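Colleague: This is the structure alone, sequence omitted:
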């Protein structure tokens with residue numbers, strides 16, 4: 001089989017540091033909107049304005065908070081959410097802080113040890129991303145579901161959204177939040193073993209693995225950094241940037257295998273295109289292999305050939321850089337028997353379109369060499385400007401934005417062949433043959449698709465059926481007058497639904513329509529969160545604020561939990577409230593564990609940051625599903641990452657990683673349930 005090394009770089013060095021401080025567009029924004037005060041006026045005698053030197057001593061998170069909700073809110077209102085983030089990254093200095101025990105509310109007793117038991121330690125509950133937990137590990141049966149009630153709730157401070165899937169490992173839940181805090185929580189009680197705050201919002205899911213015999217955590221943040229933390233203490237082991245582009249984002253959850261991490265890179269650059277002054281675009285998506293022990297890069301493969309260069313102007317007269325885009329939002333799928341890794345890819349941000357966009361790409365795990373690719377939608381060059389009247393920076397291709405936000409799942413078929421199960425934003429579900437260069441085995445339509453439509457964060461499979469949820473959220477978009485921020489108006493009657501297909505032939509087994517929003521406003525019945533399955537049941541979160549379990553054989557709703565309520569949390573005096581909550585977790589995880597035979601589930605909710613735990617095992621995270629959409633505190637793609645993870649009686653669900661094409665806002669909680 002011929003290997004293609006067109007875009008692959010193999011090396012073993014410490015990677016370059018993210019050059020946010022050299023971002024020319026952020027520098028331009030600062031000069032236009034901030035420099036007159038912080039450079040000129042601040043130099044005047046007696047001035048009470050902090051100079052640039054003081055700003056550079058602050059963290060990006062602290063600066064962003066001042067811009068979005070603090071003393072600089074009115075001055076920064078003209079900027080979009082992504083522009084404010086760019087300015088914060090441009091000015092701030094990255095630091096990682098380990099919290100002292102006396103700073104932690106509801107700290108666990110000192111010296112608490114690990115507990116043996118099953119876990120959910122990466123995005124897909126295994127290397128093949130099936131998002132299925134067998135009965136002996138889930139510890140939760142379908143008949144248990146109607147008796148689930150809240151056991152405990154954990155509040156995430158200073159967070160409006162949760163876009164990181166938690167991990168469950170040996171009696172602990174590891175969860176990341178918007179303010180960059182990572183928590184080690186006791187799965188039974190919700191007390192805090194440790195807390196560490198990194199440079200920026202925790203953006204990927206969390207992976208737990210043993211390195212040199214010790215548990216370690218691996219995850220990425222919204223500034224493009226990848227981290228390794230000591231699982232027992234939270235101490236930073238290493239930090240690296242996998243891409244020097246100032247808009248790079250680490251949304252892909254790392255996958256650990258035999259001492260290496262395999263991880264993709266995406267960006268928010270296509271969202272920057274809403275500013276007429278921005279020249280789009282220069283980011284290129286990539287996949288890397290990293291040594292888990294020290295963070296050194298083994299190889300890196302770009303998904304776009306060659307560096308972007310000046311292209312002909314659009315038909316509207318806008319300057320263009322390209323080709324660009326093809327970010328890897330998702331966790332890679334590993335085929336360790338053949339030494340092959342499969343990644344799904346995003347769209348191009350600018351013309352010209354390229355062959356690896358909206359595709360499945362197979363790479364050699366040892367070198368990153370590209371073996372083959374299967375493009376499911378060709379010619380898809382799109383950016384956020386395409387949403388707006390005038391489409392100033394929209395590529396002439398004006399594609400449908402049908403990229404992949406979900407990982408492929410590798411399954412074995414009854415006839416001895418294998419298949420990769422795919423869900424695309426086009427509204428299509430596929431099975432393709434990885435041993436025949438991606439030949440399509442079957443395909444089925446579940447919806448019309450769209451930018452935040454179709455199948456967003458992905459499905460689950462038990463090896464017999466492929467379960468997918470439909471987003472197809474519908475909304476109107478417009479710019480907030482006088483700013484680069486967008487506002488969105490949801491359609492409460494469009495979107496949503498659950499589907500089950502046979503993995504071998506694509507026959508539809510069942511379809512369950514969404515229950516609907518009823519009188520709740522604003523609201524959408526769309527189901528963007530990643531699906532999670534256990535024997536007999538399938539879990540899906542909805543933008544209507546509900547978390548539901550469906551019978552795997554019939555699609556009947558077995559359990560329906562409305563997160564629009566107040567929760568008394570284990571770590572805060574205030575109560576967490578869902579408000580007009582939208583369940584947007586990417587997934588839920590179940591963990592059996594010696595201490596708890598109850599699931600914990602993470603919900604993503606609209607107005608509060610809260611993590612819920614349930615008995616029997618159910619863990620879920622709540623946050624702002626539509627926080628990427630604008631000042632409304634609402635974002636369709638924020639549902640992209642949330643899901644449920646069943647682990648030996650523990651079900652964990654997290655707010656989905658919101659799409660960086662949309663602004664953000666809101667708050668979140670973690671809660672626990674018990675069987676009554």
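Modeller: Good, I have the coordinates. No experiment lies behind these values; they were computed from the predicted model shown.
Colleague: When you work out contacts or count neighbours from here on, use the C-alpha atoms and nothing else.
Modeller: Fine.
Colleague: what about the strands in the stretch 51-200 of the chain?
Modeller: Counting by DSSP state E, counting those that start in this stretch, the stretch 51-200 of the chain has strands at residues 97-98, 148-155, 167-169, 172-176, 181-186, 192-197.
Colleague: Revised request: answer the last question for the stretch 451-600 of the chain.
Modeller: Under DSSP E, counting those that start in this stretch, the stretch 451-600 of the chain gives strands at 460-461, 465-469, 475-479, 486-490, 498-502, 508-512, 532-534, 537-541, 546-551, 557-562, 566-568, 575-577, 585-587, 600-602.
Colleague: List of residues touching stretch 494-512?
Modeller: 413-414, 421, 431, 441-444, 446, 463-474, 513-514, 524-527, 542, 553-556 (C-alpha atoms under 8 Å, 6 or more residues apart in numbering).
Colleague: Span of that stretch from start to end?
Modeller: 14 Å (C-alpha to C-alpha, to the nearest Å).
Colleague: Do a quick rundown of the helices in the protein.
Modeller: Per DSSP state H, the chain carries helices over the ranges 24-33, 35, 52-55, 60-68, 81-91, 135-138, 269-272.
Colleague: which stretch among the ones you listed comes nearest residue 409?
Modeller: helix 135-138 (19.1 Å; C-alpha to C-alpha).
Colleague: and the closest one, which residues are buried?
Modeller: By neighbour count on 16 or more other C-alpha atoms under 10 Å, the buried set for helix 135-138 is 135, 137-138.
Colleague: And stretch 125-145, by the same measure?
Modeller: 125-135, 137-140, 142, 144-145.
Colleague: Now it: average pLDDT?
Modeller: Confidence for stretch 125-145, expressed as mean pLDDT, is 92.
Colleague: what's the answer for stretch 514-531, then?
Modeller: 93.
Colleague: Name the residues that touch stretch 375-387?
Modeller: Stretch 375-387 has contacts (C-alpha under 8 Å, 6+ apart) with 270-275, 347-360, 391-395, 397-403, 477, 661.
Colleague: got it, and stretch 88-95?
Modeller: Counting by C-alpha under 8 Å, 6+ apart, 20-23, 26-27, 52, 55-61, 63-64, 198-199, 223 sit against stretch 88-95.
Colleague: Just the buried subset of those, written out for ChimeraX, thanks.
Modeller: Typed into ChimeraX, the line below selects the buried ones among these, using 16+ other C-alpha under 10 Å:
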select :20,21,23,26,27,52,55,56,58,59,60,61,63,64,198,199,223
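Colleague: buried subset of the contacts of stretch 494-512?
Modeller: Listed as buried from those are 421, 431, 441-443, 446, 463, 465-474, 514, 524-527, 542, 555; burial here means 16+ other C-alpha under 10 Å.
Colleague: what's across from the closest residue to residue 181 other than its chain neighbours in the sheet?
Modeller: Leaving aside its chain neighbours, residue 181 sits nearest to residue 197 (4.0 Å; criterion: C-alpha to C-alpha, 6 or more residues apart in numbering). Legend: beta-bridge partners of residue 197 under DSSP bridges are residue 97, residue 181.
Colleague: on that earlier part again, most tightly surrounded among the strands of the stretch 451-600 of the chain?
Modeller: A comparison of the strands of the stretch 451-600 of the chain by mean neighbour count, using mean count of other C-alpha atoms under 10 Å, puts strand 585-587 on top with a mean of 44.
Colleague: now it: mean pLDDT?
Modeller: 37.
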